[in-house]
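Student: model the structure of this input:
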Amino acid sequence: TGHVPRYKDNAVLHCIVYTILFYVGSNLGPLGWYDFGIIYDTFTGSVAFLNLFGLMFCVFLTYKGLNFPSTEDCGSSGSITKDYLWGTELYPRLPCP
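Tutor: Next up is the predicted model:
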């Protein structure tokens, strides 16, 4: 269809800023707001939450792709399982202000 998506290249900047902020806020940094091992302590719950969130987000994207597509690069295969696993849109976009 000729659609060319636009992306912002900010992944490396995000990783650097997040790492610095995490260190500064930990007990090893100057602020000392929380224990540096907090990620280790909450890792199991975090992985469970992220897995459930990912599954629910895919349900949302499947519904959005079938009912409110962002571009013309969309469609259904006729199988809800295949649509869920393969996706219904090539470039899904959420309207952000």
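Student: can you give me the helices in this protein?
Tutor: Defined through DSSP state H, the helices belonging to the chain, from first to last, are 11-25, 38-41, 43-67, 80-86.
Student: make JSON lines from those helices and add mean neighbour count and mean pLDDT to it.
Tutor: C-beta here means a position set from N, CA and C on the backbone, and glycine is covered the same way. Putting the helices of the chain into JSON lines (neighbours: other CB atoms under 10 Å; pLDDT from 0 to 100) gives the following:
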{"stretch": "helix 11-25", "mean neighbour count": "11", "mean pLDDT": "95"}
{"stretch": "helix 38-41", "mean neighbour count": "11", "mean pLDDT": "93"}
{"stretch": "helix 43-67", "mean neighbour count": "12", "mean pLDDT": "95"}
{"stretch": "helix 80-86", "mean neighbour count": "12", "mean pLDDT": "91"}
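Student: for these, which one sits closest to Pro95?
Tutor: Closest approach to Pro95 among the helices of the chain (CB to CB): helix 43-67, 10.4 Å.
Student: the spatially most central residue of the chain: what's it in contact with?
Tutor: For the chain, the residue nearest the mean C-alpha position is Gly54 (7.7 Å; CA atoms, centre = their mean). Not one residue lies near Gly54 by CB atoms under 8 Å, 6 or more residues apart in numbering.
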